[in-house]
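Asker: Prediction below, plus the sequence it came from.
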Amino acid sequence: MFRGVFEHQIDGKGRTSFPARLRETLVGAYDERLIVTTALDACLHAYPVREWEALETALARRSPMEPGVKQLMRLYVAPAQECPLDKLGRVLVPPSLRAHAQLEKDVIWAGMVTVIELWSRAGWDKAQADARTEAQSADVQRVLMELRQS
């Protein structure tokens, strides 16, 4: 499982170090390949290839005529690109993906169980502020209760 928040920088070529802790999990449970795609938020999602393939398989079972499926494919699957770690443990983030998340200098990697988010520093700060505002919502409380009971 991926967890933790890690601050890094991205260079002008779009390379950023993949956090060592996350790399240990990636290499230990998967391999050194990531599929990176645009998220519905102003960030990127990075999946181990096996997790991404499971998501694609589940999505392929759905009808593209079903509400939301075609849009999800266009917004999430179509922009996805394989971004392997190089020998120095860096990820090269393609320009189109960098533009979506507004990645320029300071970036945040956030482990989110089976997916990893990649944010700009400003985007992460806003997302955290929004999450704290919503933390007392009935939905958050319901999920916590369900998790404690399972």
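Answerer: Noted; the coordinates are in hand. Numbering: from 1, shown residues only.
Asker: going forward, measure contacts and count neighbours with C-alpha atoms only.
Answerer: Will do.
Asker: Contacts only, for W124.
Answerer: For W124, the contact set (Cα atoms under 8 Å, 6 or more residues apart in numbering) comprises I108.
Asker: This structure: helices as residue ranges?
Answerer: 20-29, 49-60, 69-72, 95-101, 121-134, 138-149 (DSSP state H).
Asker: what distance separates the fifth one from the centre of its chain?
Answerer: Put plainly, it is helix 121-134. From the chain centre to the centre of helix 121-134 is a distance of 16 Å (Cα atoms, centre = their mean, to the nearest Å).
Asker: what mean pLDDT does it have?
Answerer: Mean per-residue pLDDT for helix 121-134: 90.
Asker: for the third one, same thing?
Answerer: Model confidence over helix 69-72, given as mean pLDDT, is 91.
Asker: do the fourth one as well
Answerer: Helix 95-101 shows a mean pLDDT of 97.
Asker: before we move on, back to that, most tightly surrounded among the helices of the chain?
Answerer: helix 95-101 (a mean of 16; mean count of other Cα atoms under 10 Å).
Asker: helices or strands next to it in the packing?
Answerer: strand 34-38, strand 44-48, strand 115-120 (3 or more Cα pairs under 8 Å, 6 or more residues apart in numbering; DSSP states H and E).
Asker: residues touching L40, list them.
Answerer: For L40, the contact set (Cα under 8 Å, 6+ apart) comprises L75, Y76.
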